[in-house]
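# Return atomic coordinates for the entry below.
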Amino acid sequence: FLCFRGVGNMSLIMNKKYKLSTSDKFDEYMKALGVGLVTRKMGNTVSPVIELVEKDGEYTLTSNSTFKNIAVSFKLGQEFDQETADGRKVKSTITQDGNKLIEVQKGDKETTIVREFSDDEVKMVLTVDDIVCTRVYKAV
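From the prediction side, this is the model:
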């Protein structure tokens, strides 16, 4: 079943899996963050499946692939320590704006990740410096 959180039609879609469908400028994005060649090659070849779940006000965003499985647990608006998929240590804060989750990661460089949820896809826009990477996940 699907669980919708939010006011009116401004909601996040929970308990639904989305698989990476398209990815644009992901290599440039990783390179700008100082990710090494081997890790970038791996990152460019996998198609992770993401899912957002919520329990008692705590959200967990999972990303599972043949390369690495990651789970990030957070409360909206509260800063937390995070180790990114490529091993960077950052301080992250995630807020909600309608059907979007906006994540700001502060580390050597500040990165913004906007995930826009709809019934059939999640559009993820990652920004670092002047590089904008777009990754689209389709419902599975």
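# Show me where the chain dips below the pLDDT cut-off.
Residues of the chain meeting the criterion pLDDT under 70: 1-10.
# What segments of this structure are helices?
26-32, 37-45 (DSSP state H).
# and the first one, what does it pack onto?
Think helix 26-32. helix 37-45, strand 121-128, strand 131-139 (3 or more CB pairs under 8 Å, 6 or more residues apart in numbering; DSSP states H and E). The way it works is simple: take the backbone N, C-alpha and C, and place the C-beta from them, glycine included.
# go again using 10 Å as the cut-off
Under the contact criterion of 3 or more CB pairs under 10 Å, 6 or more residues apart in numbering; DSSP states H and E, helix 26-32 touches helix 37-45, strand 110-117, strand 121-128, strand 131-139.
# picking up where we left off before, got the helices of the chain as JSON lines, with mean neighbour count columns?
Formatted as JSON lines, the helices of the chain follow (neighbours: other CB atoms under 10 Å):
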{"stretch": "helix 26-32", "mean neighbour count": "19"}
{"stretch": "helix 37-45", "mean neighbour count": "13"}
